[in-house]
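Peer 1: Quick one, fold the following:
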Amino acid sequence: MNNLIEYNPQPLEMVVDESNNIGNDFIVANTEVVTLEHLRNDCIVPVFTKDNETTISHFQFIDEVKQSVRKSLPDYHVNDASVRVSHVIKGRVPGAIGKSVKDLFEHEKTRYYERCAFTIDIPEIYQMIGTSKLSLSIGGVRAYNQENLYSSKSMEKFKLFIGFKNWVCTNLCISTDGLMDSVRVSSLEELGEKATNLIGSFDAQKQLLDMEQLIEHKLSEKQFSLLVGKLRMLPYLDRSKNPDVMNCTLSESQASTIVKDYHTDKNFAKESDGSITLWSLYNLMTAANKSSYIDRNFQRNANCFELVKHLGKSMETGTPSWYLD
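Peer 2: Residues are numbered from 1 along each chain as shown. Model (predicted):
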């Protein structure tokens, strides 16, 4: 992490309008914004049914990661977590059995959320790329649908990331090096250690330099059209005959969103001659990825970065790429 601090030691001049939930739009698909207080005070905690042992709650997860961030970066202001949830699981207390829904009091209702994602931003650690300010962001995902809650308590699964948030559009910028896609822990303490280790090992300067290099390469309108066509062909590609083609995990509808934004996005649309930099393309891809469900979002985000780096390397070295040939 010292690489990043040396790379840009200037403070970030940025105003965040909390009333408009700026910063909470890192995911939009089928999600709603909630507060930590809501998760702590209003939500029940699922248990493993065979032994009635509690799971690590969403609130505990987020709070533990935030403590790890504060310990790892003690000299910087740590923003409150931006939290999004989906797939609410509703219930009611035993005394409300048989009541009509319209007659239920709030204290008779129970709820928890199957999936939860959050980001914690460090606005004082940032870098400009083009006209975009990117600040350090740490976050995670918990999805109870990936746990076997009908068994006895066992190792629990989480996802963690460290990367950057683009404050022009609140898109996340995650590399595979900054993503722990399958974290398995048996305690909160172990989860905190995983977060601390991820922060400590992250090479922020490398990711920033990789992103800066994307500005140097442009796709022509013809190349962009070819890329979009190949993205739509990819799900039907015979992998046995094309084993070396790099995968792209965006959906066909997300490819259509990229095309629309190529023409209309106010920050990253095509240039007057139809060309588009790989940096702008990358941001169109991460914007389209916001429609991914919580449990797939971070992996797809990291895959977008790997794909545009692949395109850049192909253009720089002249190495053939299935997407552009």
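Peer 1: hey, let's count contacts and neighbours off CA atoms from now on
Peer 2: Fine.
Peer 1: Could you look up the SS state of the closest residue to residue 33 other than its chain neighbours?
Peer 2: Spatial nearest neighbour of residue 33, excluding adjacent residues (Cα to Cα, 6 or more residues apart in numbering): residue 84 at 4.6 Å. Using DSSP: H, G, I helix; E, B strand; the rest coil, the secondary structure recorded for residue 84 is strand.
Peer 1: ok, residue 84 to residue 200 distance?
Peer 2: 26 Å (Cα to Cα, to the nearest Å).
Peer 1: out of these two, which sits in the more crowded spot?
Peer 2: residue 84 (25 against 14; other Cα atoms under 10 Å).
Peer 1: what sits against that one?
Peer 2: With contact taken as Cα atoms under 8 Å, 6 or more residues apart in numbering, residue 84 is in contact with 24, 27, 31-34, 116-118.
Peer 1: mind checking how far residue 182 is from residue 284?
Peer 2: For residue 182 relative to residue 284 (Cα to Cα), the value is 26 Å.
Peer 1: can you map out the strands along the stretch 151-300 of the chain?
Peer 2: Taking DSSP state E, counting those that start in this stretch, the strands of the stretch 151-300 of the chain run over residues 156-166, 171-173, 179-185, 218-219, 276-277.
Peer 1: partner residues bridging the residue nearest to residue 33?
Peer 2: Residue 84 has the following beta-bridge partners by DSSP bridges: residue 33, residue 117.
Peer 1: That one and residue 271, how far apart?
Peer 2: On the measure of Cα to Cα, residue 84 and residue 271 end up 34 Å apart.
Peer 1: can you check residue 153 too?
Peer 2: 55 Å.
Peer 1: These two: who's more crowded?
Peer 2: Just comparing residue 153 and residue 271: by other Cα under 10 Å the higher neighbour count belongs to residue 153, 19 against 13.
Peer 1: Could you count how many residues lie near the residue nearest to residue 47 when sequence neighbours are not counted?
Peer 2: Leaving aside its chain neighbours, residue 47 sits nearest to residue 54 (4.2 Å; criterion: Cα to Cα, 6+ apart). The local packing of residue 54 (other Cα under 10 Å) involves 13 other residues.
Peer 1: for residue 54, what are its contacts?
Peer 2: 45-48, 153.
Peer 1: measure it to residue 152 for me?
Peer 2: 10 Å.
Peer 1: residue ranges with poor pLDDT in this structure?
Peer 2: 1-24 (pLDDT under 70).
Peer 1: Now do the domain split for it, please.
Peer 2: 2-203, 217-317 (automatic domain parsing).
Peer 1: Please convert those to a markdown table, extending it with distance to residue 209.
Peer 2: As requested, the domains of the chain are exported to a markdown table (distance: least, Cα to Cα, whole Å):
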| stretch | distance to residue 209 |
| --- | --- |
| domain 2-203 | 9 |
| domain 217-317 | 11 |
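Peer 1: so which of these comes closest to residue 323?
Peer 2: domain 217-317 (5.2 Å; Cα to Cα).
Peer 1: Report the distance from that closest one to the chain centre.
Peer 2: 17 Å (Cα atoms, centre = their mean, to the nearest Å).
Peer 1: Endpoints of that domain, how far apart?
Peer 2: Per Cα to Cα, domain 217-317 runs 12 Å from first to last residue.
Peer 1: What ranges does the stretch 151-300 of the chain have for its helices?
Peer 2: Here the stretch 151-300 of the chain has its helices, by DSSP state H, counting those that start in this stretch, at 188-201, 204-213, 221-233, 252-264, 278-288, 294-317.
Peer 1: Out of the ones you listed, which is the most enclosed?
Peer 2: helix 278-288 (a mean of 24; mean count of other Cα atoms under 10 Å).
Peer 1: Identify the residues contacting it?
Peer 2: By Cα under 8 Å, 6+ apart, helix 278-288 touches 169, 171-173, 211-212, 214-219, 254-255, 257-258, 261-262, 268-269, 301, 304-305, 308, 312.
Peer 1: Next, the angle strand 156-166 makes with it.
Peer 2: In terms of direction (axes from the mean of the first three to the mean of the last three Cα atoms, to 10 degrees), helix 278-288 departs from strand 156-166 by 130 degrees.
Peer 1: and the gap between the nearest residue to residue 274 once chain neighbours are set aside and residue 271?
Peer 2: In space, and not counting its chain neighbours, residue 274 is closest to residue 221: 4.8 Å by Cα to Cα, 6+ apart. Distance check for residue 221 against residue 271: by Cα to Cα, it reads 9 Å.
Peer 1: Residue 120 in helix, strand or coil?
Peer 2: strand.
Peer 1: Give the closest residue to it in space, chain neighbours not counted.
Peer 2: Nearest non-adjacent residue to residue 120 (Cα to Cα, 6+ apart): residue 81, at 4.6 Å.
Peer 1: now do residue 210
Peer 2: Residue 210 sits nearest to residue 309 (Cα to Cα, 6+ apart), 7.6 Å away.
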